[in-house]
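>>> Make a model of this:
(3 chains)
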Amino acid sequence: MSKANPGNFFEDFRLGQVIQHATPRTITAGDVALYNALYGPRFAVQSSDEFARGLGFPHAPADDLLVFHVVFGKTVPDISLNAVANLGYADFRFLKPVYPGDTLTATSEIIGLKENSSRKTGVVYVRSRGRNQHRQDVIEFVRWVMVRKRDEGAAAPGDQVPRLPDAVEAASLGVACPVLRMDAYDFALAGSTARLADYKPGERIDHVDGITVEEAEHQLATRLYQNNARIHFDAFNAAQSRFGKRLIYGGVVISLARALSFNGLANAFQVAGINGGRHVAPLFAGGTVFAWSQVLARAELSGRTDVGAMRLRTVATKDRPCADFPYKSGKDYDPAVILDLDYWVLIPR
Amino acid sequence: MSKANPGNFFEDFRLGQVIQHATPRTITAGDVALYNALYGPRFAVQSSDEFARGLGFPHAPADDLLVFHVVFGKTVPDISLNAVANLGYADFRFLKPVYPGDTLTATSEIIGLKENSSRKTGVVYVRSRGRNQHRQDVIEFVRWVMVRKRDEGAAAPGDQVPRLPDAVEAASLGVACPVLRMDAYDFALAGSTARLADYKPGERIDHVDGITVEEAEHQLATRLYQNNARIHFDAFNAAQSRFGKRLIYGGVVISLARALSFNGLANAFQVAGINGGRHVAPLFAGGTVFAWSQVLARAELSGRTDVGAMRLRTVATKDRPCADFPYKSGKDYDPAVILDLDYWVLIPR
Amino acid sequence: MSKANPGNFFEDFRLGQVIQHATPRTITAGDVALYNALYGPRFAVQSSDEFARGLGFPHAPADDLLVFHVVFGKTVPDISLNAVANLGYADFRFLKPVYPGDTLTATSEIIGLKENSSRKTGVVYVRSRGRNQHRQDVIEFVRWVMVRKRDEGAAAPGDQVPRLPDAVEAASLGVACPVLRMDAYDFALAGSTARLADYKPGERIDHVDGITVEEAEHQLATRLYQNNARIHFDAFNAAQSRFGKRLIYGGVVISLARALSFNGLANAFQVAGINGGRHVAPLFAGGTVFAWSQVLARAELSGRTDVGAMRLRTVATKDRPCADFPYKSGKDYDPAVILDLDYWVLIPR
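Model (predicted):
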């Protein structure tokens, strides 16, 4: 009986398999403080119990992306310990707010498997769910990762690519946000007067600021999420990897881009869903992250007059300010782009 | 409508203008833990709920300087995003204790404006106030900063330098400290037997220890305070600044000097007011901070026999131990000095 | 009266002397979050209030080693500020669980003193105790340190080496663990199905993963514990030390080895006692820590059917994966070994 977990290889997965991930985790005010110190978000709802209570939350919810990172971290030992790359996200929805004191567990279902032509790797599609102590789903997302085979000669465990929606339907958004008392929403305290109607589809916003990431910072973040992917912490083995150094967990880039986006999107207080996301290029310590966003669409939420949804593309770059909105030339990304994220936020109407 | 905040330039300010700053912030046990990890303070009142309760606090108050940093951080996007230098502090008082769970907001009033002769910059004097969820002021301070003009040709928005007191009057001190049951004050647990009467005006104390600051540390600190001054986090743009690298937020130096001062001032458990402070020289990552203090004065607090006030000058240096109390030669500071802080502490009588 | 604490030198100690250490400390959820971020432990009992409550704890206890570090930190200003080396641990027992909200104080008794033949240093043996706010002992351990003399000519303060047990008796273990409802122990959530009976004496387990330590990380850790040993933070003076650089607090290595050991020992949820421990070589920033363990023995706990004790040797190395279990060749340690720890854990039967 081998006691240490070698992680699953491509041929270990089965279509329809459901995996209960280890290590339940209670989210605390300590996690929230570390999240703040690591990324510097300034959205009022997550920052202030008073502000949140005024609107109708019991108190300030945890940042949506902290919830994501914790749930994602739980999936790593079973899903992506032998991953070559995290390829994408889809059908990603936040379903319930999470508050300090809540305890999260995670499960994943294998919904697709596709061996690569090299026969050295395959793509695993998983639908992961995070659940609170009341057995309520708080987050659900699909991701697909390229995973090594243990044995090139092993038979492929399946050959099915799941159909995934191009975008989360607007009709399904907002379930993680109680109906808010908008007369209590203080736009001066929130940092901007811009509401949903002030953003026009097509509009682009440079978030101006940049944040440099140090090795200690991304290591602290990744361990906080109990994500044990060794490429993030183990400089000794990373020196022999294709990067030659430690790779920053992609979730750090998502959280930095989201925190930077406050400068221009101060009232977009909740991430409601992620339509698709791609880590276009890796980030390493010493790099400075910048970001810009484009408004893709606006949507009303059925029966709600308090908040609406806004679809955004947020692009993060490395060592490249975004005043001229770097993105693609033709099909190729600008070499500075590291993240291309298409998602929905909630914002006061 | 520009969505991203470019910050105010000198000509944007008006005398008497009052600014409500964004992002209310609930202080938590997580913030306190990070404060401890960043600076290593050891004052018993802030470290132990039991010690604090024994004296008459409901439980351990947050470190005074954590409160300062959070309130200061809120003022940055409106006051000093385009600052060249933070010039000084005056009339700085702590008015109520802050406990984990309290939510802070901040406002600033423009009390002085003075264009520099270059016409490229001007000095802005602001009185900033931090308030808790009960609308009680918890801190108040004046600072003045040199701010760039957007347009050299713009008219000066005013020409008034406020009168500021040389020192906070002793009679106004102590309001943030409840009357304490001093029979419960355990001097062994607090780390020293020295009370107010044991310190003589003129006495100098070398705090002996030194603390080196890493990039990750000061970045975590500054983001924790939601201070978005880019020079502290953005190595890419900092490389083109006059420093050529990231500058450590001056508040980090104040907190380090205060934490170091425990070794010699263990019973000086509360900062009651700051008479004046000057960041004499910048600090960069890799520098080691040392400190020494001189007793400037002692004062009784009207009607109180539990604690008295002691006026101190604490001097912090960079890469220079302080056994010989480096300060000034003539009018010039010793080149190692980075902070000159004149303040009042409370200490058992 | 010197206000700053120069620390005790060898000749300042007396046999039988009992020292009350300074700075009581309330453990909070913030400390727990930082502990998680610094080391990445994944043991379910400490990670989840729900998991812990199901078993019979009131909620998740703090990591045993966090308790150790906090108590150890308190002893430093009085015991080891002038230490040359921390030589060993013995008779080290955890006596009560510690929960966020508990306040710890520490005392030490001098139980042995032995001058070295050089007359420049001596070995001080201390029994340290950590106590909670109910005056219950939560931890007790003996350590011995080599401490400098202030004056080589001073008389030795004693010449007595205490008798110390080779190992903590199994009969004394488990007092810090309530009797658990094992039907509620979810092995899938805990991360492994391996129970006490699945581990065979002599069995060796490679914990596979490695963690690199940055300067910022170990400094944050050591300050969090209010451990003021200057060699850990003060790069300026460390440059003139025999190491030429900052030395990582040995407790960081113990915590990393324990966290790494989750991969192979997922159900070994509590450290019950430490029989002996040796910091074989120093660790510096940039080093990557790996670990492996050997099962030394198993023991039943009198009258308990829920958990048993397992005696382990965990060996940590620097920049050296442990697939081949590096340890000693003859009497000499493999040059990569930095920690040799012999201890008891509790694990479900």
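
>>> right, and A:Met310 touches A:Arg298 too?
Yes: with contacts defined as Cβ atoms under 8 Å, A:Met310 counts as touching A:Arg298 at a distance of 5.4 Å. Where you see a C-beta, it was placed from the backbone N, CA and C, and this is true even at glycine.

>>> what sits in contact with each of these two?
A:Leu196, A:Tyr199 (Cβ atoms under 8 Å, 6 or more residues apart in numbering or on different chains).

>>> so who does the closest residue to chain C within chain A touch?
Closest to chain C within chain A is A:Gly30: 2.6 Å, counting by Cβ to the nearest Cβ. Listed by Cβ under 8 Å, 6+ apart, the contact partners of A:Gly30 are B:Thr28, B:Ala29, B:Gly30, B:Ala33, C:Thr28, C:Ala29, C:Gly30, C:Asp31, C:Val32, C:Ala33, C:Leu34.

>>> and the fourth one, what element?
Okay, so that is B:Ala33. Element membership of B:Ala33 [criterion: DSSP states H and E] is helix B:29-39.

>>> Next secondary structure after that helix?
helix B:44-47.

>>> That next one near chain C anywhere?
Yes: Helix B:44-47 reaches chain C (Cβ under 8 Å from any Cβ of the partner chain) through B:Ala44, B:Ser47.

>>> list the helices and strands that helix packs on?
helix B:49-55 (3 or more Cβ pairs under 8 Å, 6 or more residues apart in numbering or on different chains; DSSP states H and E).

>>> if I look at the nearest residue in space to A:Ile231 that is not next to it in sequence, how far off is C:Pro321?
Distance criterion Cβ to Cβ, 6 or more residues apart in numbering or on different chains; nearest residue to A:Ile231, sequence neighbours excluded, is A:Leu247 at 4.8 Å. As judged by Cβ to Cβ, to the nearest Å, A:Leu247 and C:Pro321 stand 19 Å apart.

>>> same deal with A:Val124?
A:Val124 is 26 Å from C:Pro321, by Cβ to Cβ.

>>> ok, those two, which is more surrounded?
A count of neighbours by other Cβ atoms under 10 Å in any protein chain shown puts A:Val124 above the other of A:Val124 and C:Pro321, at 28 against 20.

>>> pLDDT wise, what is that one at?
If you check A:Val124, the pLDDT there is 98.

>>> Report all helices and strands that the one helix or strand it maps to contacts.
Using DSSP H and E, A:Val124 sits in strand A:121-131. Secondary-structure packing of strand A:121-131 (3+ Cβ pairs under 8 Å, 6+ apart): helix A:64-79, strand A:83-94, strand A:103-115, strand A:137-148.

>>> do that again at 6 Å, thanks
helix A:64-79, strand A:103-115, strand A:137-148 (3 or more Cβ pairs under 6 Å, 6 or more residues apart in numbering or on different chains; DSSP states H and E).

>>> Tabulate those (TSV), appending distance to C:Ile111, mean pLDDT and mean neighbour count.
Conversion of the helices and strands packed on strand A:121-131 to TSV gives the following (distance: least, Cβ to Cβ, whole Å; pLDDT from 0 to 100; neighbours: other Cβ atoms under 10 Å in any protein chain shown):
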stretch	distance to C:Ile111	mean pLDDT	mean neighbour count
helix A:64-79	44	98	25
strand A:103-115	43	98	21
strand A:137-148	52	97	21
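
>>> what would the ones you listed look like in CSV with distance to B:Val138?
Below are these laid out as CSV (distance: least, Cβ to Cβ, whole Å):
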stretch, distance to B:Val138
helix A:64-79, 28
strand A:103-115, 33
strand A:137-148, 35
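
>>> before we move on, back to that, taking strand A:137-148 as reference, get the angle to the strand holding A:Val124.
160 degrees (axes from the mean of the first three to the mean of the last three Cα atoms, to 10 degrees).

>>> May I have the strands that pair with strand A:121-131, each with its orientation?
Counting by DSSP bridges, the strands paired with strand A:121-131 are strand A:103-115 (antiparallel), strand A:137-148 (antiparallel).

>>> now what about it, what contacts it?
Here strand A:121-131 makes contact (Cβ atoms under 6 Å, 6 or more residues apart in numbering or on different chains) with A:10, A:13, A:71, A:75, A:79, A:84, A:104-112, A:114-116, A:137-142, A:144-148, A:162.

>>> got the buried residues for it?
A:Thr121, A:Gly122, A:Val123, A:Val124, A:Tyr125, A:Val126, A:Arg127, A:Ser128, A:Arg129, A:Gly130, A:Arg131 (16 or more other Cβ atoms under 10 Å in any protein chain shown).

>>> who's the second one bridged to?
Right, the one you point to is A:Gly122. In beta-bridge terms (that is, DSSP bridges), A:Gly122 pairs with A:Glu115, A:Val147.

>>> now the strands: where do they sit in the stretch 201-349 of chain A?
Applying DSSP state E, counting those that start in this stretch to the stretch 201-349 of chain A gives strands spanning A:204-206, A:211-212, A:270-279, A:288-299, A:307-318, A:328-329, A:332-333, A:337-348.

>>> By mean pLDDT, show me the worst of those strands.
Among the strands of the stretch 201-349 of chain A, strand A:328-329 carries the lowest mean pLDDT, at a mean of 93.

>>> What are the contacting residues of that strand?
With Cβ under 6 Å, 6+ apart, strand A:328-329 has no contacts at all.

>>> That strand pairs with which strands?
Applying DSSP bridges, one finds strand A:328-329 paired with strand A:332-333 (antiparallel).

>>> Tell me the gap between the partner strand and the middle of its chain.
Averaging C-alpha positions (Cα atoms, centre = their mean, to the nearest Å) puts strand A:332-333 22 Å from its chain's average.

>>> Contacts for that strand, please.
Contacts for strand A:332-333 (Cβ under 6 Å, 6+ apart): A:Val280.

>>> and the stretch 151-300 of chain A, which residues reach chain B?
A:188-189, A:191, A:194, A:205, A:208-212, A:214, A:216-217, A:263-264, A:288 (Cβ under 6 Å from any Cβ of the partner chain).

>>> A:Met310 and A:Arg298: who's more crowded?
When A:Met310 and A:Arg298 are compared for neighbours, A:Met310 comes out ahead with 24 against 17, by other Cβ under 10 Å.

>>> so what's the more buried one bridging to?
A:Arg298, A:Val345.

>>> check contacts around it.
A:Met310 neighbours (Cβ under 6 Å, 6+ apart): A:Leu196, A:Tyr199, A:Arg298, A:Val345, A:Ile347.

>>> need the residues of the stretch 1-150 of chain A near chain C, please.
A:3-5, A:20, A:22-26, A:28-31, A:33-34, A:103, A:133.

>>> residues in contact with the residue of chain A found nearest chain B?
Relative to chain B, the nearest point of chain A is A:Ala33 (2.6 Å; Cβ to the nearest Cβ). The neighbourhood of A:Ala33, defined by Cβ under 6 Å, 6+ apart, consists of B:Thr28, B:Gly30, B:Asp31, B:Leu34, C:Gly30.

>>> of all the residues you listed, which comes closest to chain A?
Looking across these and measuring by Cβ to the nearest Cβ, the closest to chain A is B:Gly30, at 2.6 Å.

>>> how about the nearest residue to the closest one, chain neighbours excluded?
Nearest to B:Gly30 is A:Ala33, by Cβ to Cβ, 6+ apart, at 2.6 Å.
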